[in-house]
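Trainee: Got a predicted structure plus its sequence, pasted below:
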Amino acid sequence: MPAKDKKKPKPAKEPDITFFHPDLLEIPADGTAPYLKGYKCKSCGMLDFPKQNICQKCWGEDFEVVSLSRRGTLYSVTDIFIGQAGMETPYIFGYVDLPEDIRIFCQLEGEIGSFTCDQDVELTVGTIRMNREGLPIKSYKFKAVDVEAGI
Amino acid sequence: MKILRDVYIAGVGETKFCRHDKEYDVLGREAALMALRSSNIDRPDMVQSAYVGNATNGLVSAQTVLKGLGMCGHMPVIGVESACSAGGMAVYSAIKDVATGLCDLSLGVGAENHSLHMQRGTAFAASASDIETMHGAVMTGKYALRAKRYMYETGATKEDLALITVKNRRHGTHNPYAWFKGEISVEEVVSSRLIADPLTLQQCCGIADGAGAVVVASKEMIQTLGIEKPIKVAGAVVQSGPYHNRPRDITGDDITESCAKQLYEESGIEPEDVDIVELHDAFTIAELLYYECLGLCGKGEGLAYLRDGKATHGGECVVSPRGGMLSYGHPIGASGAAQIAENVRQMRGQCDGYQVDPLPRVSMTHVTGGGLSGTEHAACTMHMLVSDW
């Protein structure tokens, strides 16, 4: 038998992710607005984000998924000029506080230098980084509230 | 920790901090050997346990450091990792062995080569799989968020933050182990390259390599070794960062505050009794916040404490007398051990050209570790030392 036939076929490589992450972010197929998924413990009622496998307060394991507020307040923000290896700069990140008493670390979509502490921001979806195949990974981001849209 | 019997530091060692072409284990051995020799230890089988802190240099780093000193084989050698707290935690672990009576002589080392294998022009992120890291978090940026909020709430300016760099570089001017040192103006600090707004290059610790080492001994062993200036461990605390995804005040630092509280309680020493402090000044804003978190001044008084010269020679407490991380650079797992080494040298009056006067009798160290989502820091390690002669 020729040597090459002895070779085991290489298993097909799993493609790297392009979405981060179905447990965190829902983009409804019907075109309605995307939302972050909060996890409410069915035993003690504690609401948390991101998803926990076990409730930190009571070790309950059953959760109700609730949609979190799309608007929040930007607690603090920074423009990054030296970033993580492999990430294009500049980019912007910050903490957004939601009315549900939850803080989200996220990238912000908008102009460098345009954000200030305590401004209102809203959820959007965009590219946070590239995956190992060079394709964009989508996730939640926040942006300034669009005043002109009259929201 | 509850210290069950008297524990002392016999000797310390450190390398110069800068970019080294030497691997971390070579640096670790240099610091360890200096610490061992200065403790009058002249053969490899005297030490009874050892801990080596390292964050990024791979597996079995502790044994890699110590096998070359003939110190593997007769005793437990344990690697310690908690990012920037690793070196402090290694010393803590050595203290624990002696405090509990497990052994009479233990060694804590922190060693890191952070630059040798790192891509230039990139920033450090503490945990690759973390949700914040996935979204682009880097430590520079996490501290920039604290700075931005602090400035927003207090009206502090970039120039105020720059004063920390100016002070610490001045402190380190004549320290042979420090890297970036000497005069630098506020203008030079604020006009240097922007890294993460509002933090400029000269407000960030350098990505450096180095090592520190500390020999820990029981009272009997101190006498056997003939140590003339024993430094007593008055307190040692390690805490893990409380996890929650709720809004928290990042102009404070929950883990540093609770760690300091425990250290003061266990050592019976009050903040006003502390003569010198080496703290986690990885970025200018951090030192400013930690004046308050460590109780050196009240909440909201950090800026005045700095401006009024209370954190420098002739003030209330000399903060970062070695020059801090802003002078040394910050080889992640090495810094905690080097801080302790420098405080011991200060208390023994061995810091020619940068000696605190009068001779400090009480010193404190503080290193946090890791920016993990839902925590301010993953870890915090603090030590309180007093001179005992």
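Mentor: Everything's here; your move.

Trainee: Every contact and neighbour count from this point should use C-alpha atoms.
Mentor: Will do.

Trainee: just for the chain, where's the confidence low?
Mentor: Assuming you mean chain A. By pLDDT under 70, the low-scoring segments of chain A are A:1-6, A:147-151.

Trainee: ah, I was thinking of chain B
Mentor: Within chain B, the stretches with pLDDT under 70 are B:119-121, B:126-128.

Trainee: which residues of it fall in helices?
Mentor: Remark: helices assigned in chain B by DSSP state H are B:24-38, B:61-67, B:86-99, B:131-134, B:139-154, B:158-171, B:186-190, B:219-225, B:254-267, B:284-293, B:302-307, B:324-328, B:335-347.

Trainee: now do chain A
Mentor: Counting by DSSP H, chain A has helices at residues A:3-6.

Trainee: export the helices of chain B to a markdown table and tack on distance to chain A and mean neighbour count?
Mentor: Shown next, in a markdown table, are those (distance: least, C-alpha to the nearest C-alpha, whole Å; neighbours: other C-alpha atoms under 10 Å in any protein chain shown):
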| stretch | distance to chain A | mean neighbour count |
| --- | --- | --- |
| helix B:24-38 | 22 | 24 |
| helix B:61-67 | 24 | 21 |
| helix B:86-99 | 22 | 29 |
| helix B:131-134 | 6 | 20 |
| helix B:139-154 | 5 | 22 |
| helix B:158-171 | 14 | 25 |
| helix B:186-190 | 15 | 17 |
| helix B:219-225 | 43 | 16 |
| helix B:254-267 | 16 | 20 |
| helix B:284-293 | 14 | 24 |
| helix B:302-307 | 20 | 18 |
| helix B:324-328 | 18 | 31 |
| helix B:335-347 | 22 | 29 |
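
Trainee: Out of those helices, the one nearest A:Ser76 is which?
Mentor: Closest to A:Ser76 of these is helix B:139-154 (C-alpha to C-alpha; 5.5 Å).

Trainee: Can you name every helix or strand that the closest one contacts?
Mentor: With contacts taken as 3 or more C-alpha pairs under 8 Å, 6 or more residues apart in numbering or on different chains; DSSP states H and E, helix B:139-154 sits against strand A:71-80, strand B:194-196, strand B:199-200, helix B:284-293.

Trainee: Same list, these, but as JSON lines with distance to B:Pro176 please.
Mentor: Output for those, formatted as JSON lines (distance: least, C-alpha to C-alpha, whole Å):
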{"stretch": "strand A:71-80", "distance to B:Pro176": "33"}
{"stretch": "strand B:194-196", "distance to B:Pro176": "28"}
{"stretch": "strand B:199-200", "distance to B:Pro176": "25"}
{"stretch": "helix B:284-293", "distance to B:Pro176": "22"}
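
Trainee: ok, B:Cys184 - how many residues close by?
Mentor: Wrong residue type there; residue B:184 is Ile, not Cys. Neighbourhood size, B:Ile184 [other C-alpha atoms under 10 Å in any protein chain shown]: 17.

Trainee: wait, isn't B:Val26 in contact with B:Val65?
Mentor: Yes. With contact defined as C-alpha atoms under 8 Å, B:Val26 reaches B:Val65; the gap is 6.9 Å.

Trainee: tally of neighbours for A:Ile27?
Mentor: For A:Ile27, the number of neighbouring residues by other C-alpha under 10 Å comes to 14.

Trainee: Could you tell me which residues make contact with the residue nearest to it when sequence neighbours are not counted?
Mentor: Spatial nearest neighbour of A:Ile27, excluding adjacent residues (C-alpha to C-alpha, 6 or more residues apart in numbering or on different chains): A:Pro34 at 4.4 Å. With contact set as C-alpha atoms under 8 Å, 6 or more residues apart in numbering or on different chains, A:Pro34 has these partners: A:25-28, A:123-125.

Trainee: who wins for most neighbours among these?
Mentor: When neighbours are taken as other C-alpha under 10 Å, the top entry among the contacts of A:Pro34 is A:Leu123 (23 neighbours).

Trainee: what residues are up against it?
Mentor: The contact partners of A:Leu123, by C-alpha under 8 Å, 6+ apart, come to A:34-35, A:70-71, A:140-143.

Trainee: So which of those sit within strands?
Mentor: With strands taken from DSSP state E, the overlap with the contacts of A:Leu123 comprises A:35, A:71, A:140-143.

Trainee: Just to check, B:Leu145 is in contact with A:Val77?
Mentor: Yes. Judged on C-alpha under 8 Å, B:Leu145 makes contact with A:Val77 at a distance of 5.6 Å.

Trainee: shared neighbours, those two?
Mentor: In terms of C-alpha under 8 Å, 6+ apart, B:Leu145 and A:Val77 are both contacted by the residues A:Gly94.

Trainee: quick one: contacts for the residue most central in space within chain B?
Mentor: Centroid-nearest residue in chain B, with C-alpha atoms, centre = their mean: B:Gly336, separated by 3.2 Å. B:Gly336 makes contact with B:84-89, B:110, B:212, B:365-367 under the criterion C-alpha under 8 Å, 6+ apart.
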